[in-house]
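Peer 1: Sequence unavailable; structure follows:
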């Protein structure tokens, strides 16, 4: 399919859970990767807990053998990607507050949402800030220029909760079951280790 | 750790299940990869079923969302690796006969075992031969110059069954929970998608 006609440059869809280390790795790489092929990225905050109900799977650390391996693989993969990483003292964590904040920001300014999202990921996976805490989320948002009181009021409301629930349902309906999960022109890729396949897909319009 | 002293060139340990497509991809790549860094490879036939009992996980196809994705990812990954692939009409399958044949051959001639192993993988994943069948395993062995009657007698005995059970137990004790599973100087890598990390680990003596 390397000689297929170029498809219109639709945004790449990027699903991530703020508690996912592999999601963090992809978050640090996906915009530049897409940009190399003239694409933008639509970031979708997602909740892995919702997928566990569908797949019957659960968080990595609790799985015998695979859990211990994965904790080691995460630290090694960070070095492989050239990214700073420190295993958070609490892992995994619920990430609703961060996901809702991202979603609300993204509806208003994708650039601000991106800055918040990367700051939240780095706070959790580099500085060991427990971003399941609402106050931590508001602090991180304030650090990238978001009005703390406005965001605090938004996150206390019911509207943003319904908004995130709908976003997660839409992801599940598209087949999203992990983080990171990347969709390019309808083609789904799961895992930071699929970034080379994403890159080739974008370069060649499929393979 | 890039300037750590070179470790002695111990063989790379390569665990694989004959029913694992990602194991097939790695089997086609691992010897040349290791050879680029002056290493040989010790192939270990393995049974994923034994790991499922420990991890509580199960075969990919049965997992909602992830199963459907994986069937698609396997075919795409074959193209990414530049390998021929046809989804077998029966998948997954029990692979004891093939694993025992491999193990018995490997104890006598790693080269013959290698030839049999690659032929068995290609029979299953390219030519849709159901290698759970003992007759198919004997045919494949005969095709690479193994005496059919001798192997048939070996596979009917109890000794080789105990030998494979011990090999699988040893793998589990080393933390093997998937296929392919590669161990380089004590460092474990799971998945064909970790081959680039294996390559860098071999090149740099760790990273």
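Peer 2: Everything's here; your move. If you're wondering where the values come from, they're calculated on a predicted model, not measured in any experiment.

Peer 1: Chain A against chain B: which residues are in contact?
Peer 2: When proximity is defined by Cβ under 8 Å from any Cβ of the partner chain, chain A lies next to chain B at A:51, A:54-57, A:63-66, A:68-69, A:72-73, A:76-77, A:79-80, A:172, A:175-178, A:188-191, A:193-194, A:196-197, A:200, A:207. Quick note: C-beta positions are derived from backbone N, CA and C, even for glycine.

Peer 1: among those residues, which ones are buried?
Peer 2: Neighbour-count burial (16 or more other Cβ atoms under 10 Å in any protein chain shown) is assigned, among the residues of chain A next to chain B, to A:51, A:55, A:57, A:63, A:65-66, A:69, A:73, A:76-77, A:80, A:172, A:175-178, A:188-191, A:193-194, A:197, A:200.

Peer 1: Tell me which of these fall in strands.
Peer 2: Judged by DSSP state E, strands contain the following of those: A:188-190.

Peer 1: what's near enough to touch the spatially closest residue to residue A:74 that is not a sequence neighbour?
Peer 2: Of all residues beyond its chain neighbours, the one nearest residue A:74 is residue A:21 (4.5 Å), with distances taken as Cβ to Cβ, 6 or more residues apart in numbering or on different chains. By Cβ atoms under 8 Å, 6 or more residues apart in numbering or on different chains, the residues touching residue A:21 are A:74, A:77-78, A:85, A:125.

Peer 1: do residue A:55 as well
Peer 2: By Cβ under 8 Å, 6+ apart, the residues touching residue A:55 are A:177, B:63-66.

Peer 1: for residue A:115, same thing?
Peer 2: When contacts are counted by Cβ under 8 Å, 6+ apart, residue A:115 touches A:144-145.

Peer 1: pretty sure it belongs to a strand, no?
Peer 2: No: under DSSP: H, G, I helix; E, B strand; the rest coil, residue A:115 falls outside any strand and is assigned helix.

Peer 1: Look up how far chain B lies from it.
Peer 2: As judged by Cβ to the nearest Cβ, to the nearest Å, residue A:115 and chain B stand 30 Å apart.

Peer 1: Likewise for residue A:147?
Peer 2: Remark: distance between residue A:147 and chain B (Cβ to the nearest Cβ) = 38 Å.

Peer 1: Phi, psi for that residue please.
Peer 2: Phi and psi for residue A:147, reported as degrees, to the nearest 10, are phi -60, psi 120.

Peer 1: so how many other residues sit close to it?
Peer 2: Residue crowding around residue A:147 was assessed by other Cβ atoms under 10 Å in any protein chain shown; the count is 12.

Peer 1: what's the answer for residue A:182, then?
Peer 2: Neighbour count of residue A:182, defined by other Cβ under 10 Å: 26.

Peer 1: Identify the residue spatially nearest to it, adjacent ones excluded.
Peer 2: Per Cβ to Cβ, 6+ apart, closest to residue A:182 is residue A:189, 4.5 Å.

Peer 1: which intervals of chain A have sub-threshold pLDDT?
Peer 2: Along chain A, the parts satisfying pLDDT under 70 run over A:1-8.

Peer 1: ok, which stretches of it are helices?
Peer 2: For chain A, helices defined by DSSP state H occupy the ranges A:21-35, A:48-55, A:66-81, A:96-108, A:110-125, A:134-143, A:148-156, A:159-173, A:195-204.

Peer 1: Show residues contacting the third one.
Peer 2: Read it as helix A:66-81. Residues contacting helix A:66-81 (Cβ under 8 Å, 6+ apart): A:21-22, A:25, A:28-29, A:60-61, A:63, A:84-85, A:87, A:192-193, B:55, B:57, B:175, B:177-178, B:187-190, B:194, B:196-197, B:200, B:207.
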